[in-house]
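Trainee: Only the shape, not the letters, is given here:
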DNA sequence: AGCCCGGGCAGAGCGGTGCTCTCGTTTACA
DNA sequence: TGTAAACGAGAGCACCGCTCTGCCCGGGCT
């Protein structure tokens, strides 16, 4: 991370970046399954075995790309929220949804890599967790701001969270500080709903079913906002 | 499908079934990426080239498994709904949710195959569409029954569907007959929410975040029911 | 009854993959 | 300056999907 101390470390960092860049390009065109260490090496004018000086295995290269992906969506989410009037919580929620959706549609393979089927024997290492949390942190801030302003008023007739989930609500309050159990799970409902839509859209489940996807998406996210009781 | 006319056709049908069975077992243990024609052939005491008498390519074998998967979840959904008092629409909705979830957790790789990242160059053929619709048809019937009985009363304060989505609402009324545009998209919200939760749970996104998953899931699905206005 | 034809399987082989091991070279550091 | 670590090349292993060829054998037609 620091400025390359030695020439060797500098060229190593450069080559590592070149590898991930080429791999990301290959990922974008062929998907995770088509990512080939040999192809990356070929494109760099190197031999495949040399790759293993930089990434111990293909999975480690994938891990690097996964972390990059989480950071990309996290940054998109943060930038979207920075551009909004903090008091306009409904606008911030919709802006966050559109930002994540735009990124997902522009990078379907990267989206699949981080939110889709896990790769075969691959176990997400701890390092991914930090990056994975950036987007949801933005969401938590919006909800918390709304609550603090008294602008989170869910409709009547909602079910009571059962006692069993109280512990999970406590965990989730790290992301959603100061929320009641009811509000915590309304937020979970909205968040899973957002990614449910995105997964179905990116993976082609809406083909021949929903065509005006942007409008339908925004309306669905407005439904989620209404369920949370997010007022403008 | 019909009773094997000649002995040759009968043994062919049996071998085809044996191949898909072995492939499904391999799918369950290694995932879609680990599905190997050669391994299936090995396990059958045959040579890999012989597989191509039955499936023109690995992707065609995958297609067969995908159709099987859609039919499996469709059957699970239908059976769950048959076992419920038709007038208990909230119970039917929750039963449907739990049935699909139980199946997904029991067959994570098959779930990933049909609802997860699409496989590399694979394009879902038309044949899958019929099987894919069985589960959502059950859902549509529950909502339609509720509407017919006047038991679908969404809470106040919901957004109006924009004009742009009217066409899609018309398409979706094939599954959700007699529903208003508002109700159609509330149903879409619930359905995408269901699969959003399932995808995140099956793909491990709830690790270390939500532990009482069954209770939290049911509560989330009750939230969706409340948004739709599904009364018992 | 005899023939023949086509489905079924085996084997070899092509080009590709991830990954390992060895070997000579280059670089950084003590 | 000497040494240990990093580096890249090359050969090779086991596996993959897929193709082509050739043999066998059973069922259907003459």
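Mentor: Looks like it came in fine. Please read these numbers as outputs of a predicted model, since none were measured by experiment. Numbers count the residues shown, from 1 in each chain, chains lettered A, B, ... in the order given.

Trainee: can you pull the pLDDT of the residue in chain A that chain B sits nearest to?
Mentor: Residue nearest to chain B within chain A (Cβ to the nearest Cβ): residue A:196, separated by 2.0 Å. From N, CA and C alone the C-beta is placed, and that goes for glycine too. Looking at residue A:196, its pLDDT stands at 98.

Trainee: residues in chain A within reach of DNA strand C, list them.
Mentor: Contacts of chain A with DNA strand C, taken as Cβ under 7 Å from any atom of the strand, map to A:5-8, A:35-39, A:48-49, A:52, A:56-59.

Trainee: related to what we said a few turns ago, A strand includes the residue of chain A closest to chain B, no?
Mentor: No. With DSSP: H, G, I helix; E, B strand; the rest coil as the criterion, residue A:196 is located in helix rather than a strand.

Trainee: Identify the residues contacting it.
Mentor: Residues in contact with residue A:196 (Cβ atoms under 8 Å, 6 or more residues apart in numbering or on different chains) are B:192-197, B:199.

Trainee: for those residues, which one is nearest DNA strand C?
Mentor: Of all these, residue B:199 has the smallest distance to DNA strand C: 26.2 Å, by Cβ to the nearest atom of the strand.

Trainee: Contact partners for the closest one?
Mentor: Here residue B:199 is in contact with A:115, A:195-196, A:199, B:115-116, B:205 (Cβ under 8 Å, 6+ apart).

Trainee: Show me what from chain A comes close to DNA strand D.
Mentor: Counting by Cβ under 7 Å from any atom of the strand, chain A sits next to DNA strand D at A:8, A:12, A:15, A:45-50, A:53-54.

Trainee: In chain A, which residue sits closest to DNA strand D?
Mentor: For chain A, Cβ to the nearest atom of the strand, closest residue to DNA strand D: residue A:49, 2.8 Å.

Trainee: what about that residue, neighbour count?
Mentor: Residues lying near residue A:49 (other Cβ atoms under 10 Å in any protein chain shown) number 10.

Trainee: one step back: can you say which of the contacts of residue B:199 are buried?
Mentor: The neighbour count (16 or more other Cβ atoms under 10 Å in any protein chain shown) marks A:115, A:195-196, A:199, B:115-116, B:205 as buried among those.

Trainee: okay, the nearest residue to residue A:164 once chain neighbours are set aside: pLDDT?
Mentor: Leaving aside its sequence neighbours, residue A:164 sits nearest to residue B:215 (Cβ to Cβ, 6 or more residues apart in numbering or on different chains; 3.9 Å). We have a pLDDT of 98 for residue B:215.

Trainee: contacting residues for residue B:215?
Mentor: For residue B:215, the contacting residues are A:162, A:164-165, by Cβ under 8 Å, 6+ apart.

Trainee: hang on, the earlier thing: would TSV of the buried ones among the contacts of residue B:199 with distance to residue A:89 be doable?
Mentor: Shown next, in TSV, are these (distance: Cβ to Cβ, whole Å):
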residue	distance to residue A:89
A:115	25
A:195	20
A:196	22
A:199	25
B:115	31
B:116	33
B:205	25
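
Trainee: From those residues, which land in helices?
Mentor: A:115, A:195-196, A:199, B:115 (DSSP state H).

Trainee: quick one on the thing from earlier: for the buried ones among the contacts of residue B:199, name the two members farthest from one another.
Mentor: B:115 and B:205 (13.9 Å; Cβ to Cβ).

Trainee: what ranges do the helices span in chain A?
Mentor: So, for chain A - with DSSP H - the helices run A:7-30, A:37-43, A:48-51, A:58-82, A:89-106, A:108-115, A:127-148, A:166-172, A:181-202, A:213-228.

Trainee: need those helices in a markdown table with distance to residue B:89, can you?
Mentor: Formatted as a markdown table, the helices of chain A follow (distance: least, Cβ to Cβ, whole Å):
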| stretch | distance to residue B:89 |
| --- | --- |
| helix A:7-30 | 44 |
| helix A:37-43 | 53 |
| helix A:48-51 | 57 |
| helix A:58-82 | 37 |
| helix A:89-106 | 29 |
| helix A:108-115 | 31 |
| helix A:127-148 | 30 |
| helix A:166-172 | 27 |
| helix A:181-202 | 19 |
| helix A:213-228 | 19 |
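
Trainee: so what's residue A:172 up against?
Mentor: Contacts of residue A:172 (Cβ under 8 Å, 6+ apart): A:184, A:187-188, B:209-210.

Trainee: What is the nearest of those residues to residue B:173?
Mentor: Nearest to residue B:173 among the contacts of residue A:172: residue A:188, at 30.0 Å, using Cβ to Cβ.

Trainee: Please name the spatially closest residue to the closest one (chain neighbours excluded).
Mentor: Among residues not flanking residue A:188 along the chain, residue B:220 sits closest, at 6.2 Å (Cβ to Cβ, 6+ apart).

Trainee: With residue A:177 instead?
Mentor: residue A:144 (5.5 Å).

Trainee: is it true that the one you found touches residue A:178?
Mentor: Yes. Taking contacts as Cβ atoms under 8 Å, residue A:144 lies within contact range of residue A:178: 6.1 Å.

Trainee: Give me the more crowded residue out of those two.
Mentor: More crowded of residue A:144 and residue A:178, by other Cβ under 10 Å: residue A:144, with 20 against 10.

Trainee: per-residue confidence at that one?
Mentor: Confidence score, pLDDT, at residue A:144: 96.

Trainee: Could I get the contacting residues of it?
Mentor: Shown in contact with residue A:144 (Cβ under 8 Å, 6+ apart): A:176-179.

Trainee: next one: residue A:75
Mentor: Contacts for residue A:75 (Cβ under 8 Å, 6+ apart) come out as residue A:134.

Trainee: How about residues contacting stretch A:46-56?
Mentor: With contacts defined as Cβ under 8 Å, 6+ apart, stretch A:46-56 is touched by A:12, A:15-16, A:19, A:37-38, A:40-42, A:61, A:64.

Trainee: Let's see that with 10 Å instead.
Mentor: Contacts to stretch A:46-56, defined as Cβ atoms under 10 Å, 6 or more residues apart in numbering or on different chains, come from residues A:12-13, A:15-20, A:23, A:36-42, A:44, A:57-58, A:60-64.

Trainee: pLDDT of it, averaged?
Mentor: The pLDDT scores in stretch A:46-56 average 95.

Trainee: now swap in stretch A:161-180 and tell me
Mentor: Mean pLDDT, stretch A:161-180: 97.

Trainee: Could you do stretch A:59-70 as well?
Mentor: The average of the pLDDT scores along stretch A:59-70 is 92.

Trainee: Can you get me a residue count around residue A:106?
Mentor: 12.
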